[in-house]
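S.K.: the following comprises the amino acid sequence and a computationally predicted model.
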Amino acid sequence: MIQATGVILAGGKSRRMGSDKAFLEVGEAAMIQHVASELRKVFNEVLLAGGTQAKGELLGLQVLPDRIPGRGPLSGIHAALYGASNSKCLVTACDMPFVSAALASFMIGQADGYDAAVPSHGIYVQPLFAVYDRNCIEAIEQTLGASKPKVADFYPRVRVNYVSEKYLRAIANIDIAFFNVNTPADLEKARAMAVRDETGG
């Protein structure tokens, strides 16, 4: 097992879905159960950032409440870095039904010598499937003071390894690995993608 912490961000309100999306099923399991299962294959510690105690009990995971609430995913990352027993955390959203243990393990390795390792995919980066070190706490706290802070807003303050998709593609199908489910239409698409993946279509 890698001496690092896997963190599932589960504090969102699921407004666009209309109900708690974490336990909606894609393939053979609820999305959050799939994520937890993959992280447990890799890390010696897996935690839930945000979410209710009831959700944590269902998953058998410790829940870390936000220390600075009301600031979105960045609050969850901040709480995780404070609460984790390891310096490095692989943080992932709870609504990414195609993340894999192999990709999580690879990303941890990409954080050596950096404060953060973030996948890049085309013109986009993936801040909600990325590695953050405890060294990021001060920069995150400075950023959390802004209104509606985005996760990537603190990146200029730390050393970030932007991991090229050419390396990621050797590990996983990143065209689906970073797909996240926000709406009922996304859920339908994810379920169709899962069926194709299972049948090799």
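M.R.: Done, it's in.
S.K.: buried stuff in the host helix or strand of E188?
M.R.: E188 belongs to helix 184-199 when assigned by DSSP states H and E. Across helix 184-199, burial judged by 16 or more other CB atoms under 10 Å covers D186, L187, A190, R191, M193, A194. Every C-beta, even on glycine, is put in place using the N, C-alpha and C of the backbone.
S.K.: same question for stretch 119-129.
M.R.: Residues of stretch 119-129 classed as buried by neighbour count (16+ other CB under 10 Å): P119, S120, H121, V125, Q126, P127, L128, F129.
S.K.: how about stretch 150-159?
M.R.: Neighbour counts over stretch 150-159 (16+ other CB under 10 Å) mark V151, A152, D153, F154, Y155, V158 as buried.
S.K.: ok, and the closest non-adjacent residue to the third one?
M.R.: With sequence-adjacent residues excluded and distances taken as CB to CB, 6 or more residues apart in numbering, D153 is closest to T143, at 4.8 Å.
S.K.: give me the number of residues near the one you found?
M.R.: Applying other CB atoms under 10 Å, we find 21 residues neighbouring T143.
S.K.: how about the contacts made by it?
M.R.: Counting by CB atoms under 8 Å, 6 or more residues apart in numbering, T143 touches L74, P149, D153, F154, R157.
S.K.: from those residues, which is closest to P97?
M.R.: Nearest to P97 among these, counting by CB to CB, is L74 at 22.9 Å.
S.K.: great, nothing more from me.
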